[in-house]
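Participant: From the sequence below, what's the structure:
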Amino acid sequence: MSAPPHEPTLLKVHALHGGYGRVEVLRGVDLQVKPGQIVALLGSNGAGKSTLNNILSGLYPAWSGRIEFDGHELVGWHSRQVVQAGLIQVPEGRRIFPNLNVLENLELGSFARGRHNRQQNLQRVLDLFPRLRERTAQLAGTMSGGEQQMLAIGRGLMAEPRLLILDEPSLGLSPLWVEEMFSLIARLNAQGLAVLLVEQNVAQSLDIAHYAYVLENGTVRFEGSSAQLLATDDVRRAYLGV
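Facilitator: Residues are numbered from 1 along each chain as shown. Modelled structure (predicted):
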């Protein structure tokens, strides 16, 4: 799979350091996402993936380094400003509102961005997720894990993302739901959406990604196209068991 050639960079992270309290988690991370790409950020628990997501989203401050999104420097921005710029995260664990119904959860996705196109975007999301259309009045907390993940992604799409960060979208799902989730991500990308896919599921992530980074102990240990990483013996041994 190849990304469109000669595209400008949508997201550029350079020499990023960050952490919590006095604990440094990220140690000079560099990565890029171009328009129309799926970029996979891979690594085990504790590698720093979620920390990077939260700094990109403005939820935690960067210690040093640069984050450039669509030509704007994001370091120092509030999370609401980041959302308004079109950088949208679907967090690990879904974090839907269990006591609100499906429709209410989706409408909340357009609170900070996409409000003027709410009805148009809602129809797009419901067309993309027929299960959600059938359950608009159902309380979100009563849905299956896979349905809740669809709802979380649908809520993200309501904000008209320029770049969608998906944090562990396959976590805790059955094998059938995992297959459906990766198929969905590929379909969204085919419609032109850029995706930063943050995952532990290395094999299926590399199957759909244009480019990938492997994070270990807060630094990028490997990077390259899916084909390049699959041909790297250390990656195959450590992450694919072959």
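Participant: Local confidence estimate at the residue nearest to residue 91 when sequence neighbours are not counted?
Facilitator: Among residues not flanking residue 91 along the chain, residue 167 sits closest, at 5.3 Å (CB to CB, 6 or more residues apart in numbering). Placement of C-beta: from N, CA and C, glycine included. Predicted confidence (pLDDT) for residue 167: 91.
Participant: mind listing what residue 167 touches?
Facilitator: Residues counted as contacts of residue 167 (CB atoms under 8 Å, 6 or more residues apart in numbering) are 49, 50, 53, 89, 90, 91, 92, 198.
Participant: Restrict the lengthiest helix in the chain to CA atoms and write it as PDB.
Facilitator: If you go by DSSP state H, the chain has its longest helix at helix 175-190. In PDB, the C-alpha atoms belonging to helix 175-190 read as follows (Å, rounded to 0.1, in the frame of the first residue of the first chain):
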ATOM      1  CA  PRO A 175     -11.400 -11.800  16.900                       C
ATOM      2  CA  LEU A 176     -14.400 -11.100  14.600                       C
ATOM      3  CA  TRP A 177     -14.800  -7.500  15.900                       C
ATOM      4  CA  VAL A 178     -11.000  -7.000  15.500                       C
ATOM      5  CA  GLU A 179     -11.300  -8.000  11.800                       C
ATOM      6  CA  GLU A 180     -14.200  -5.600  11.400                       C
ATOM      7  CA  MET A 181     -12.400  -2.800  13.100                       C
ATOM      8  CA  PHE A 182      -9.300  -3.000  10.900                       C
ATOM      9  CA  SER A 183     -11.600  -3.200   7.800                       C
ATOM     10  CA  LEU A 184     -13.400  -0.100   8.900                       C
ATOM     11  CA  ILE A 185     -10.200   1.800   9.400                       C
ATOM     12  CA  ALA A 186      -9.100   0.900   5.900                       C
ATOM     13  CA  ARG A 187     -12.500   2.100   4.500                       C
ATOM     14  CA  LEU A 188     -12.200   5.400   6.300                       C
ATOM     15  CA  ASN A 189      -8.700   5.900   4.900                       C
ATOM     16  CA  ALA A 190     -10.000   5.000   1.400                       C
END
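Participant: That one: how far from the chain's middle?
Facilitator: 13 Å (CA atoms, centre = their mean, to the nearest Å).
Participant: same for that helix, what does it pack against?
Facilitator: strand 38-42, helix 118-128, helix 145-157, strand 194-199, helix 202-208 (3 or more CB pairs under 8 Å, 6 or more residues apart in numbering; DSSP states H and E).
Participant: Contacts for the lowest-mean-pLDDT helix or strand in the chain next, please.
Facilitator: Ranked by mean pLDDT, DSSP states H and E, the weakest helix or strand in the chain is helix 233-235, scoring a mean of 85. With contact meaning CB under 8 Å, 6+ apart, helix 233-235 is reached by 202, 214, 222, 229.
Participant: What are the buried residues along it?
Facilitator: residue 235 (16 or more other CB atoms under 10 Å).
Participant: Show me the shaky parts of this structure.
Facilitator: Residues of the chain meeting the criterion pLDDT under 70: 1-7, 93, 241-242.
Participant: Now which of the contacts of helix 233-235 would you call buried?
Facilitator: Taking 16+ other CB under 10 Å as the criterion, what is buried in the contacts of helix 233-235 is 202, 214, 222, 229.
Participant: Correct me if wrong: the first one contacts residue 42.
Facilitator: Yes: between residue 202 and residue 42 there is a contact at 5.2 Å, judged by CB atoms under 8 Å.
Participant: Mind listing the shared neighbours of those two?
Facilitator: Any residue near both residue 202 and residue 42 by CB under 8 Å, 6+ apart counts here, and that gives residue 239.
Participant: Quick check: residue 80 vs residue 199, distance?
Facilitator: Distance, residue 80 to residue 199, using CB to CB, to the nearest Å: 27 Å.
Participant: I appreciate the help and will end here.
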